[in-house]
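>>> Give me coordinates for this.
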Amino acid sequence: MLAFVRHLLPCKLVLAAVALFQVTAFSWVQADTPAPSGEAKLLEPKPILPGDKVVTLFPPGHPALKNLSGYDQPEKFNWSKGNNPHVQNITNIHNPSIELQLPPAEKANGTAVIVAAGGGNTTLWVGPEGAEIGKWLNELGVAAFNERYRLKPYDSAVDALADTQRSVRMVRAHAKEWGVDPKKIGIMGFSAGGEQAARAALNFDNGKPDAADPVDRESCRPDFVVLVYAGWSKVDLSHVPNNAPPAFCVCAGVDDSFHAKETVDFYNAYFNAKIPAELHIYARGGHGGGISARNGIPFGTWQSRFTDWAADIGMLPKRAVTAAK
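Numbers count the residues shown, from 1 in each chain. Model (predicted):
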């Protein structure tokens, strides 16, 4: 009997070791799955412009937050080269945020724009399609909010959209503090950021009046949207809400045919739903470029068409448009 017990003990140890290995291996496989909301401890994002204030969109432990691979590492800032280095783009975004670029109080006109940079949902070009756009908007007296939405492997139709909707709610909830008219909050999206502008225009609600979180009480409907060389793999355009916000759509033509087609499709969906929209497809200009002059071609002046349109729908005072030209 004693010999049998001695033989059994090593077997039990082996079985215990195998079980431990299985648990460890399972945990490793599950590393990229969402953890319970209370376990997601995400790092605070840093500003891309010195002195800017960055506001995270969700409080710690919020159900929308996840701790996918890399969540415990800081956002990666990729800098330009040369005599005036600046942040060009960002990756590894897990704690979505908005960076405030507010105009001088004496110049502010109450209009706000959430700026969603592009980058194919794998990076965010927050320099040319973020900070530079914010500076230009500030010249118009517009408050800019540079959004950092989550990227792949997060879902642009779920996680990033939640970030964009929350951005609208956040700006509206802090409208008085940030000098913003809660009825003049728009979204300007570039490329993949244009996907966010399109999704926000088609998917919104009035908020939850009884929500414990005051931000959730606010509507996530933008008051206007701007799609700049926007593109997506799949956006359902079959149903446009009858109260969808007015839209401004712009893109180059045959040398950016993919994004031009998406832009025209979005415009046609709006047109068929009888929602006011303005469309500009330029003959050429390629993809990207923000508000650069593009060596003097017509596409390099699209921003002037935008300011005319924004003044026409009452989102910009005509004096601001005149001063910008």
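
>>> For G207, which residues are in contact?
169, 216-220 (CB atoms under 8 Å, 6 or more residues apart in numbering). C-betas here are computed from N, CA, C, even on glycine.

>>> following the helix or strand of the chain with the lowest mean pLDDT, which helix or strand comes up?
When the helices and strands of the chain are scored by mean pLDDT, DSSP states H and E, helix 2-29 comes last with a mean of 40. Scanning forward in sequence from helix 2-29 by DSSP states H and E, the next helix or strand is strand 53-56.

>>> Kindly export that following strand (C-alpha atoms) in CSV.
Below are the C-alpha coordinates for strand 53-56, written out as CSV (Å, rounded to 0.1, in the frame of the first residue of the first chain):
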residue,chain,number,x,y,z
LYS,A,53,-5.2,70.4,-22.3
VAL,A,54,-6.1,66.7,-23.1
VAL,A,55,-9.4,65.4,-21.8
THR,A,56,-10.0,61.6,-21.8
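
>>> who's in contact with it?
44-47, 95-100, 170, 174.

>>> Could you dump those into TSV with distance to A247 and neighbour count added?
TSV is the format used below for these (distance: CB to CB, whole Å; neighbours: other CB atoms under 10 Å):
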residue	distance to A247	neighbour count
E44	34	10
P45	29	20
K46	33	14
P47	30	16
N95	30	21
P96	23	25
S97	25	24
I98	21	25
E99	24	23
L100	25	20
M170	22	23
H174	25	20
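
>>> Most widely separated two among the residues you listed?
K46 and H174 (20.3 Å; CB to CB).

>>> can you pull out the strands in the chain?
53-56, 76-79, 87-91, 97-101, 112-116, 143-148, 185-190, 224-228, 247-252, 277-282 (DSSP state E).

>>> Make sure Y71 is actually in contact with L42.
Yes - the criterion here is CB atoms under 8 Å, and Y71 meets it with L42 at 5.9 Å.

>>> pLDDT score for K41?
Reported pLDDT at K41 in the predicted model: 80.

>>> what about it, distance to A212?
Distance of K41 to A212, given as CB to CB, to the nearest Å: 21 Å.

>>> Show me which of the two is the more surrounded one.
K41 (13 against 7; other CB atoms under 10 Å).

>>> list the contacts for the more buried one?
K41 neighbours (CB under 8 Å, 6+ apart): 60, 67, 72.

>>> Same check on P317?
Contacts of P317 by CB under 8 Å, 6+ apart are 109, 141, 311.

>>> Please report the distance of it from L140.
P317 is 9 Å from L140, by CB to CB.

>>> Measure how buried I297 is and give me the count.
14.

>>> and the residue lying closest to it once chain neighbours are set aside, how far is that from N295?
Excluding the flanking residues, the one nearest I297 by CB to CB, 6 or more residues apart in numbering is G285, at 6.1 Å. Separation of G285 from N295 (CB to CB) stands at 10 Å.

>>> Correct me if wrong: P45 contacts S97.
Yes - under the criterion of CB under 8 Å, P45 makes contact with S97 at 4.7 Å.

>>> Mutual contacts of the two, please.
Joint contacts of P45 and S97 (CB under 8 Å, 6+ apart) are 54, 56, 148.

>>> quick one on the thing from earlier: mutual contacts of Y71 and L42, please.
H94.

>>> Mind listing what's buried along stretch 206-221?
207, 215-221 (16 or more other CB atoms under 10 Å).

>>> C-alpha coordinates for it, CSV please?
Taking Å, rounded to 0.1, in the frame of the first residue of the first chain, the C-alpha atoms of stretch 206-221 are listed here in CSV:
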residue,chain,number,x,y,z
ASN,A,206,-30.6,62.5,-27.8
GLY,A,207,-28.7,61.3,-24.7
LYS,A,208,-30.1,59.8,-21.5
PRO,A,209,-31.7,62.5,-19.3
ASP,A,210,-31.6,60.2,-16.2
ALA,A,211,-28.0,59.0,-16.7
ALA,A,212,-25.7,59.2,-13.7
ASP,A,213,-22.9,60.5,-15.9
PRO,A,214,-23.8,64.1,-16.9
VAL,A,215,-21.9,63.6,-20.2
ASP,A,216,-24.2,60.8,-21.2
ARG,A,217,-27.2,63.1,-20.7
GLU,A,218,-26.1,65.1,-23.8
SER,A,219,-27.0,64.4,-27.4
CYS,A,220,-24.3,63.0,-29.6
ARG,A,221,-25.8,64.5,-32.8
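
>>> re earlier: specify which member of the contacts of strand 53-56 is nearest to E132.
For the contacts of strand 53-56, the nearest to E132 is E99 (13.0 Å; CB to CB).

>>> For the closest one, give me its contacts.
47-49, 52-55, 130, 145-146, 148.
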